[in-house]
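Engineer: Sequence isn't available, so here's the structure alone:
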């Protein structure tokens, strides 16, 4: 699941960091890695979006996942296409 992937990514990053410093991992290392992952450009961009844009984006993602084809979906294939704004199609 997504949570398991995220935890494994955190663990991998911590191991890389402590191996470079040749010491064992500490709580501060875990906190630093989590903070670093939360401050990536994509997360920062999504945090800055308005509530309505985030809500629309979440609804769009839910519709796409419901179809089961996340790679290539045209607007006409979405059951909720009348609610999808035009700017979403151009992304």
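Structural biologist: Structure received. For clarity, every value in this text was computed on a predicted model and none was experimentally measured. Numbering: from 1, shown residues only.
Engineer: Let me know the average pLDDT across stretch 36-46.
Structural biologist: Averaged across stretch 36-46, the pLDDT comes to 83.
Engineer: contacting residues around it?
Structural biologist: Defining contact as Cβ atoms under 8 Å, 6 or more residues apart in numbering, one finds that stretch 36-46 is touched by 6, 9-10, 13, 54. The C-beta positions use only the backbone N, C-alpha and C, and glycine is treated the same way.
Engineer: Those residues into CSV, with extra columns for secondary structure and distance to residue 33?
Structural biologist: Formatted as CSV, the contacts of stretch 36-46 follow (DSSP: H, G, I helix; E, B strand; the rest coil; distance: Cβ to Cβ, whole Å):
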residue, secondary structure, distance to residue 33
6, helix, 11
9, helix, 9
10, helix, 5
13, helix, 5
54, helix, 25
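Engineer: ok, which pair from those is furthest apart?
Structural biologist: Taking Cβ to Cβ, the two most distant members of those are 13 and 54; they sit 26.4 Å apart.
Engineer: which of those two has more neighbours?
Structural biologist: Neighbours per residue (other Cβ atoms under 10 Å) separate residue 13 from residue 54, with residue 13 holding more: 17 against 13.
Engineer: Quick check: the more buried one vs residue 25, distance?
Structural biologist: From residue 13 across to residue 25, the span is 10 Å (Cβ to Cβ, to the nearest Å).
Engineer: Could you do residue 36 as well?
Structural biologist: 14 Å.
Engineer: Show me the helices in the chain, by range?
Structural biologist: Ranges of helices within the chain are 2-21, 27-38, 41-48, 51-67, 86-89, based on DSSP state H.
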